[in-house]
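J.: what follows is a predicted protein model with its sequence.
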Amino acid sequence: MTSKIATAEIAAPYSQALLSLAKAKNLTAEFGEDGRSLLSLLSENQDLQNFISNPFISNENKKALIKKILGESGNPYLRNFLLLLVDKRRIAFLEQVLQQYLALLRQLNQTVLAEVTSAVPLSEAQQQAVIQKVLAITNAREVELESKIDSDLIGGVIIKVGSQVIDASLRGQLRRLSLRLTSN
């Protein structure tokens, strides 16, 4: 298994090339949506990940699967890019390429990624409150929320933006209270 640094170095030129292609064709947002869909599909389907990264499966079979997944209505530029990854034997890095593309796209659009962990799914109003809080903290133009559920939090939320973490969970409050009580 390759290291994360080596993987990032391999994926970087491909993600930058994908962004250049998207900018040239004015398809950055569409590629972003397609990239999120593909990442979701990869994270939910371990068999698909194994198929794509298996070096013993022929390139033709991988190309056929990509064409089937994207369908005829899929963007031909993105489809050709993915087929190029197969030809260059870099399709195993698809997940990292797409993640880096989305990071570059957020940077281009002055959007920050806020990872929100809560005990229960957030309502629309709660999501908007989190977005407003993150906008106030970061001065970004937009916020992209990535929600996770962790029932161990008991209640509240943990918001992570870059390296900054805002812990407004009951678990965090109880931990801080415990530290204060034990330090006296």
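T.: Received, thanks.
J.: residue contacts, the residue nearest the centre of the chain?
T.: Residue closest to the average C-alpha location in the chain (C-alpha atoms, centre = their mean): Q99, at 5.0 Å. Going by C-beta atoms under 8 Å, 6 or more residues apart in numbering, Q99 touches 11, 15, 39. All C-beta spots, glycine's among them, are computed from the backbone N, C-alpha and C.
J.: now with 7 Å, please.
T.: With contacts defined as C-beta atoms under 7 Å, 6 or more residues apart in numbering, the neighbours of Q99 are L39.
J.: could you do L85 as well?
T.: 14, 91, 94.
J.: out of the residues you listed, which comes closest to L177?
T.: Within the set of the contacts of L85, L94 lies nearest L177; the separation is 45.0 Å, counting by C-beta to C-beta.
J.: for that closest one, give its distance to L39.
T.: As for L94, its distance to L39 is 9 Å (criterion: C-beta to C-beta, to the nearest Å).
J.: okay, the two: which has more neighbours?
T.: L94 (22 against 16; other C-beta atoms under 10 Å).
J.: which pLDDT value goes with that one?
T.: The confidence metric pLDDT takes the value 93 at L94.
J.: if we can go back for a sec, what about the residue nearest to the centre of the chain, which helix or strand?
T.: Counting by DSSP states H and E, the secondary-structure element that holds Q99 is helix 94-108.
J.: ranges for the strands of the chain?
T.: Counting by DSSP state E, the chain forms strands over residues 111-118, 142-149, 156-161, 164-169, given from the N-terminal end onward.
J.: including mean neighbour count, mean pLDDT and distance to N26, could these go into TSV?
T.: Shown next, in TSV, are the strands of the chain (neighbours: other C-beta atoms under 10 Å; pLDDT from 0 to 100; distance: least, C-beta to C-beta, whole Å):
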stretch	mean neighbour count	mean pLDDT	distance to N26
strand 111-118	20	90	18
strand 142-149	14	89	18
strand 156-161	18	88	29
strand 164-169	16	84	33
